[in-house]
Each structure stands twice: as structure tokens, then as C-alpha cells.
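Asks: build the 3D model from these lines:
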Amino acid sequence: MQLEPVETAHGHDLPTVRQLSVFIENRVGQLLRLTRMFDQTDIRILAVSVVYSVDCAIVRIIVNDPNVAQKVLADHDFKVSETELIVVSLPHGKRALLHTWAALLTGEVNVHYTYPLMVQPHGLPAIAVAPDNIEQAIQVLRDRKFDVLSQQDLLDTKDE
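Replies: Residues are numbered from 1 along each chain as shown. A predicted model of the protein is given here:
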């Protein structure tokens with residue numbers, strides 16, 4: 001019996017962002033070593049989150065050009081995995097996060113983890129969100145007039 005090719009979501013047209021998860025040894029100076037690799041390139045780290053464990057750490061990064069960053073990391077023998085997530089511009093006001101979480105809750109979207117960007121695309125603060133259902137999260141946020149950013153939006157992010 002011949003199997004039909006399975007269509008996947010990869011290559012879809014959703015405004016997602018590629019997160020690189022870099023596995024580093026839990027040793028002094030590894031985070032500096034990782035960051036310093038990009039010093040001689042045009043790669044900008046736009047967001048970073050470190051998940052620590054006893055043996056190793058996982059450094060989640062969002063960069064302006066993940067293709068080049070992945071090559072640089074591979075050239076330096078770092079183990080990397082890639083995940084799609086969404087980046088959301090936060091609305092103005094002191095209840096920006098409250099409104100964001102409430103919007104996702106109405107769509108029954110669970111958030112696995114989140115962290116802020118160090119830059120402000122389009123002049124607004126933004127957060128990276130890893131939802132359990134990317135398509136549903138994007139639809140819910142767009143329906144409520146949130147700006148969901150794409151990788152291209154981050155590629156165009158300049159120093160402020």
C-alpha cells in the first residue's frame with residue numbers, strides 16, 4: 001500500500017516567527033560565548049529566554065535573520081532546534097497583558113511560555129508567545145485587532 005504525501009503546516013502563510021533553541025553546557029561563560037558569536041555578523045538578538053537545568057541550559061532566541069543565525073550556530077558546533085511561535089504587539093495602556101491573555105482565553109488558547117522582545121517593532125512593546133494552537137491564537141488575536149508580527153517585521157526592525 002502506497003502512502004499519500006502528508007501536507008504539513010510548514011510553509012503556511014501565517015505570520016509566525018522562528019525561535020531558535022540553543023542547547024548549551026551549564027558552565028560559566030557559555031551565554032557570553034553564544035552571544036559573542038554574532039558580534040561579527042549582522043545578526044541581532046531581538047529576544048532571549050534561558051531555561052536552566054542542572055546539566056544544561058536551553059537558550060531560546062529570536063533573531064532578525066534565523067537562517068544565517070542557524071548557520072553561524074552550526075559552524076560553532078551548537079545544537080539547535082527550531083520552533084514557530086507568534087509575536088504580538090501589545091496595545092497601549094497599563095492593562096496590555098491582561099487584554100492579551102483575555103483575548104487568548106476567549107479562544108481557548110493555552111500559552112506554553114512567553115517572553116518579551118528587547119526591541120519595539122513598529123514602536124510598540126511586543127511579546128513572543130508559544131501557544132498550543134498557533135492558527136487559533138492568530139485568528140483570535142486578529143479578530144480583537146491585535147497586531148501579530150511576522151518574521152519579516154522583525155527582519156526590518158532597526159536599532160532605536
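Asks: doesn't His99 belong to a helix?
Replies: Yes. Applying DSSP: H, G, I helix; E, B strand; the rest coil, one finds His99 inside a helix.
Asks: same for the host helix or strand of Arg36, what does it pack against?
Replies: Assessed by DSSP states H and E, Arg36 sits inside helix 30-36. Counting contacts by 3 or more Cβ pairs under 8 Å, 6 or more residues apart in numbering; DSSP states H and E, helix 30-36 packs against strand 17-25, strand 56-63. (C-beta placed from N, C-alpha, C; glycine too.)
Asks: export that helix as PDB, just CAs?
Replies: Taking C-alpha atoms only, helix 30-36 is exported to PDB below (Å, rounded to 0.1, in the frame of the first residue of the first chain):
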ATOM      1  CA  GLN A  30      28.600  29.800  27.800                       C
ATOM      2  CA  LEU A  31      26.000  32.500  27.400                       C
ATOM      3  CA  LEU A  32      28.700  35.100  26.600                       C
ATOM      4  CA  ARG A  33      30.300  32.700  24.100                       C
ATOM      5  CA  LEU A  34      26.900  32.200  22.400                       C
ATOM      6  CA  THR A  35      26.200  35.900  22.200                       C
ATOM      7  CA  ARG A  36      29.700  36.800  21.100                       C
END
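Asks: if you count neighbours, what's buried in that helix?
Replies: Gln30, Leu34 (16 or more other Cβ atoms under 10 Å).
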